[in-house]
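Student: one predicted model, sequence on top.
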Amino acid sequence: MKVIATNNAPGAIGPYSQGYEVGGLVFTSGQIPIDPATGTMPEGIAAQAEWSCKNVGAILEAAGVGFDKVVKTTCFLADMGDFAAFNEVYAKYFTSKPARSCVAVKDLPKGALCEIEAIAEK
């Protein structure tokens, strides 16, 4: 097992890693929309979805893969009313249309509106 870590995505805010590579797969931890350079979170679902996608992308890049290698994502939304706007942004990044689950949750860390985790082929 190999830990994946990058300064181009937010550091873990708990006892976990940004990602792991094991058995030819890359697993990212869920990424909330924090700008790793400033530690701030933008307002609105579109801007937050952009940052969540960028953060997943940074971890994938650190592992030596891209969005085209993602086989599965799990997406969490604070409000399912944001589903369409979230999908518009998500579709720009995950163009290979990986398998996906998307669920509404009661709360996300730091009051985020969305969170994305991914599994990619190495």
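Tutor: Great, that's in hand. Residues are numbered from 1 along each chain as shown.

Student: please enumerate the helices of the chain.
Tutor: Ranges of helices within the chain are 45-62, 83-93, based on DSSP state H.

Student: show me the contacts for the residue most central in space within the chain.
Tutor: For the chain, the residue nearest the mean C-alpha position is residue 116 (3.4 Å; C-alpha atoms, centre = their mean). If a contact means C-beta atoms under 8 Å, 6 or more residues apart in numbering, then residue 116 has 30, 31, 52, 53, 55, 56, 73, 74, 75, 76, 90 as its contacts. C-betas here are computed from N, CA, C, even on glycine.

Student: can I get these in CSV with pLDDT?
Tutor: Output for the contacts of residue 116, formatted as CSV (pLDDT from 0 to 100):
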residue, pLDDT
30, 97
31, 97
52, 98
53, 98
55, 98
56, 98
73, 98
74, 98
75, 98
76, 98
90, 98
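
Student: show me how to select, in ChimeraX, the buried members of those residues.
Tutor: Selection of the buried residues among the contacts of residue 116 in ChimeraX, burial being defined by 16 or more other C-beta atoms under 10 Å:
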select :30,31,52,53,55,56,73,74,75,76,90
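
Student: nearest to residue 121, of the contacts of residue 116?
Tutor: residue 73 (13.2 Å; C-beta to C-beta).
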